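**Q** structure for the following, please:
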Amino acid sequence: MKRLLHIMFLILFFIGLTFTGLTLAQIGGGVKKKRPLPHEYGRVIIDNYKELWYPVHLKEPSAPVVFDHWLHRARFTCRLCHIDIAFAMEASATGIRASDNKKGYYCGTCHNGKMVYNDREVFASCSKNFQEEDVKRCVRCHSLGKNVKREYDFYTFTEKLPRGRFGNGIDWEKAEAEGLIKPIDFLEGVSIRSFQLEAPKDFDLEAKVEGIPNIIFSHKKHTVWNGCEVCHPEIFIGVKKGITKFTCVNNFEGKYCGACHRTVAFPMLDCQRCHIKAVQ
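**A** Got it, this is the predicted structure:
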């Protein structure tokens with residue numbers, strides 16, 4: 001019965017797109033995109049001001065930075081990076097410069113050559129006194145189009161984590177709940193300890209299409225990773241149920257839930273992760 005409802009939901013969803021005159025290619029911005037491989041899901045290419053960073057030891061400008069969310073989300077909460085450290089939620093919108101990293105901002109907050117994680121020193125991102133031997137460290141991040149061996153292999157790192165159906169193929173929520181990963185939410189000298197509000201109880205959102213299971217939304221699950229600040233007020237205006245009106249099409253456009261559930265968190269294709277309350 002559950003499988004039948006899932007099939008019906010997908011059929012009705014695509015019928016709905018047809019009637020609204022939308023296609024998946026249009027939702028994605030006009031171009032049909034190739035689904036990323038598990039280790040590529042959540043990958044961000046940072047290409048800010050690379051033409052300004054041109055050390056004399058290099059024969060050509062540095063390559064854009066390749067940032068993998070999967071490794072960082074296993075260790076740090078979204079809130080820590082996007083609120084305390086102040087990374088924008090949109091790729092390349094932060095405007096990171098090498099000089100910022102050198103001063104201890106953005107990537108340089110942790111990648112300063114001083115921070116220790118799991119008894120290992122975190123490598124520095126950008127050096128104030130650049131030396132020729134530093135080039136090898138630079139390409140650990142500035143690696144787009146280069147054959148760079150990564151310190152952590154996605155498939156080895158995640159082999160014991162619970163599986164998911166889409167995105168990275170990892171159920172990060174379950175991994176955190178079972179203590180398999182323990183994301184840090186506080187950095188001394190960066191974060192401010194604040195009073196923790198009690199998370200509101202789970203509630204259901206009625207599906208717009210008749211016969212489709214309602215959405216069960218859990219504040220508790222989201223506050224573990226996001227706190228309140230990531231979502232309110234920029235993504236969801238107000239803090240009262242029903243204030244923000246949105247649809248599945250909005251989400252696929254990258255708004256509301258789609259701000260995260262298209263590119264980093266499990267994607268919108270995994271309908272059953274949200275539409276779980278059976279119709280009465």
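**Q** what segments of this structure are helices?
**A** Secondary structure of the chain (DSSP state H): helices located at 2-20, 24-27, 69-73, 78-79, 98-102, 135-138, 154-157, 172-177, 219-226, 248-252.
**Q** comparing those helices by mean pLDDT, which bottoms out?
**A** Among the helices of the chain, helix 24-27 has the lowest mean pLDDT, at a mean of 44.
**Q** now the end-to-end length of stretch 265-272.
**A** 14 Å (C-alpha to C-alpha, to the nearest Å).
**Q** gap between residue 107 and residue 71?
**A** 13 Å (C-beta to C-beta, to the nearest Å). C-beta coordinates here come from the backbone N, C-alpha and C atoms, glycine included.
**Q** surely residue 207 touches residue 214?
**A** Yes. Assessed by C-beta atoms under 8 Å, residue 207 is found in contact with residue 214 at 5.4 Å.
**Q** not counting its neighbours along the chain, what's nearest residue 115?
**A** Distances taken as C-beta to C-beta, 6 or more residues apart in numbering place residue 122 nearest to residue 115, at 4.4 Å, with adjacent residues excluded.
**Q** which of residue 107 and residue 71 has more neighbours?
**A** Neighbours were counted for residue 107 and for residue 71 using other C-beta atoms under 10 Å; residue 107 has more, 23 against 17.
**Q** pull the contacting residues for the more buried one.
**A** The contact partners of residue 107, by C-beta atoms under 8 Å, 6 or more residues apart in numbering, come to 96, 101, 125-126, 141.
**Q** ranking these by neighbours, who comes first?
**A** residue 125 (24 neighbours).
**Q** tally of neighbours for residue 70?
**A** As a burial measure, residue 70 scores 21 neighbours (other C-beta under 10 Å).
**Q** what's the answer for residue 167, then?
**A** Counted with other C-beta under 10 Å, residue 167 comes out at 23.
**Q** and it, what is it in contact with?
**A** Counting by C-beta under 8 Å, 6+ apart, residue 167 makes contact with 38, 41-42, 265-267, 270.
**Q** check residue 239 too.
**A** Per C-beta under 8 Å, 6+ apart, neighbours of residue 239: 228, 232.
**Q** go on, residue 220?
**A** 199, 202.
**Q** what segments of this structure are strands?
**A** Taking DSSP state E, the strands of the chain run over residues 43-46, 65-68, 116-117, 120-121, 203-205, 214-217, 275-277.
**Q** elements contacting the fifth one?
**A** To tie it back to what came earlier, the one meant is strand 203-205. strand 214-217 (3 or more C-beta pairs under 8 Å, 6 or more residues apart in numbering; DSSP states H and E).
**Q** mind listing what's buried in the strand it packs on?
**A** Buried residues in strand 214-217, defined by neighbour count with 16 or more other C-beta atoms under 10 Å: 214-215.
**Q** model confidence over it, on average?
**A** The model assigns strand 214-217 a mean pLDDT of 93.
**Q** what does that strand contact?
**A** 202-207, 274-277, 279.
**Q** only alpha carbons, please: show that strand as PDB.
**A** Only the C-alpha atoms of strand 214-217 are listed here, as PDB (Å, rounded to 0.1, in the frame of the first residue of the first chain):
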ATOM      1  CA  ASN A 214       0.800  14.900   4.600                       C
ATOM      2  CA  ILE A 215       4.200  16.300   5.500                       C
ATOM      3  CA  ILE A 216       5.500  15.800   9.100                       C
ATOM      4  CA  PHE A 217       7.800  18.600   9.900                       C
END
